[in-house]
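Peer 1: Return atomic coordinates for the entry below.
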Amino acid sequence: MKTFRHELHFETEKPTEIINITPQVEAAVRESGVSDGLALVYPLHTSSAVYISDSDYSLTQDFADILDTLVPASRAYRHDETDYKKNAAGHLKSILSGHSVTLPVTGGRLDLGTWQTVYYFEFDGQRPKEVLVKTIGE
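Peer 2: Next up is the predicted model:
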């Protein structure tokens, strides 16, 4: 079995930001040489998430709005009393979002449905970020 590790590097410009990373993940899978297997897409931060959604960006904004309703930044969180970054809301949103995804690879390509898109959702940004793409298979 073959394994391949690739990191995506980028800098978020806003505290909360949603980025379509499908092309970068597809490129990492192609570079891996894996024809049949799986690709784990895993953010290397605890205040971000990777998820699959429809390619319609309005749905992505709806998701952001729902998370803001469930986890308002204005609420007092215990973590903010012990951590200088005061980013408990970002960590909690990451937990609710599922954090990472594992995607099927067939014929050297991601097995995504017609409208499926891979998104990186940043909840505590404005700094360099990394996302691991770990591909395994034959």
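Peer 1: Regarding the residue nearest the centre of the chain, which helix or strand does it belong to?
Peer 2: Nearest to the geometric centre of the chain sits residue 50, at 1.9 Å (C-alpha atoms, centre = their mean). Residue 50 is part of strand 48-54, with elements assigned from DSSP states H and E.
Peer 1: So which bits of that strand are buried?
Peer 2: 48, 49, 50, 51, 53 (16 or more other C-beta atoms under 10 Å). C-beta coordinates here come from the backbone N, C-alpha and C atoms, glycine included.
Peer 1: Residue 96: which of those is nearest?
Peer 2: Ranking those by separation from residue 96, with C-beta to C-beta as the measure, puts residue 49 on top at 8.4 Å.
Peer 1: What about the closest residue to that closest one other than its chain neighbours, how many residues nearby?
Peer 2: Distances taken as C-beta to C-beta, 6 or more residues apart in numbering place residue 97 nearest to residue 49, at 3.5 Å, with adjacent residues excluded. Residue 97: 18 surrounding residues under other C-beta atoms under 10 Å.
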